[in-house]
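K.L.:
prediction below, plus the sequence it came from.
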Amino acid sequence: MKKLFLICFLISWPCFSFAKAGDTHYVAVLQAQIKATPEAGSDTSFVIAIGRKVIEFDRKKDWVWVGIDRSGGRDGWIRKDELSRTDPDGLKY
């Protein structure tokens, strides 16, 4: 049984994605609310559109602290399920 688990794990290893600080992501929803703190009830600091490039700073559970590329230092928290590793609309910002 242990061998079977090990074989399955090794085969699936490339499917795992380990994001870390400094990684680039893209907004994957039409309009993402960037929050002041990593909580659903937190105030919305600003809204960004699909395809916007962001840089990851940190993570807390289902939230990612991001900086907005080329925006003069704007940052905040976004739900990780609203991010994509690839640009969903193909536009360049």
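P.N.:
It's in.
K.L.:
residue contacts, the most centrally placed residue in the chain?
P.N.:
For the chain, the residue sitting closest to the mean C-alpha position, by CA atoms, centre = their mean, is residue 83 at 4.0 Å. If a contact means CB atoms under 8 Å, 6 or more residues apart in numbering, then residue 83 has 25-28, 54, 64, 66 as its contacts. Where C-beta positions appear, they are placed from N, C-alpha and C, glycine not excepted.
K.L.:
how about TSV for the residues you listed, with pLDDT added?
P.N.:
Conversion of the contacts of residue 83 to TSV gives the following (pLDDT from 0 to 100):
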residue	pLDDT
25	94
26	94
27	95
28	96
54	95
64	97
66	97
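K.L.:
highest neighbour count among those?
P.N.:
When neighbours are counted by other CB atoms under 10 Å, residue 66 leads these with 27 neighbours.
K.L.:
can I assume that one is in contact with residue 75?
P.N.:
Yes - the pair residue 66 / residue 75 is scored as a contact, 6.4 Å apart, by CB atoms under 8 Å.
K.L.:
shared neighbours of those two, anything?
P.N.:
34, 57.
K.L.:
restricted to strands, list the contacts of residue 83.
P.N.:
Secondary-structure check on the contacts of residue 83 using DSSP state E: residues within strands are 25-27, 54, 64, 66.
K.L.:
can you give me the helices for the protein?
P.N.:
Counting by DSSP state H, the segments of the chain that form helices are 2-12.
K.L.:
pLDDT below threshold where in it?
P.N.:
Within the chain, the stretches with pLDDT under 70 are 1-19, 69-71, 91-93.
K.L.:
what about 80?
P.N.:
Across the chain, the stretches falling below the confidence threshold (pLDDT under 80) are 1-20, 69-73, 89-93.
K.L.:
for the ones in strands among the contacts of residue 83, which one is nearest residue 40?
P.N.:
Nearest to residue 40 among these, counting by CB to CB, is residue 64 at 14.0 Å.
K.L.:
now that closest one: how far from residue 80?
P.N.:
With distances taken as CB to CB, to the nearest Å, residue 64 is found 5 Å from residue 80.
K.L.:
and for residue 41?
P.N.:
With distances taken as CB to CB, residue 41 is found 17 Å from residue 80.
K.L.:
so where do the strands sit in the chain?
P.N.:
For the chain, the strands defined by DSSP E occupy 24-27, 31-35, 44-49, 53-60, 63-68, 75-79, 83-84.
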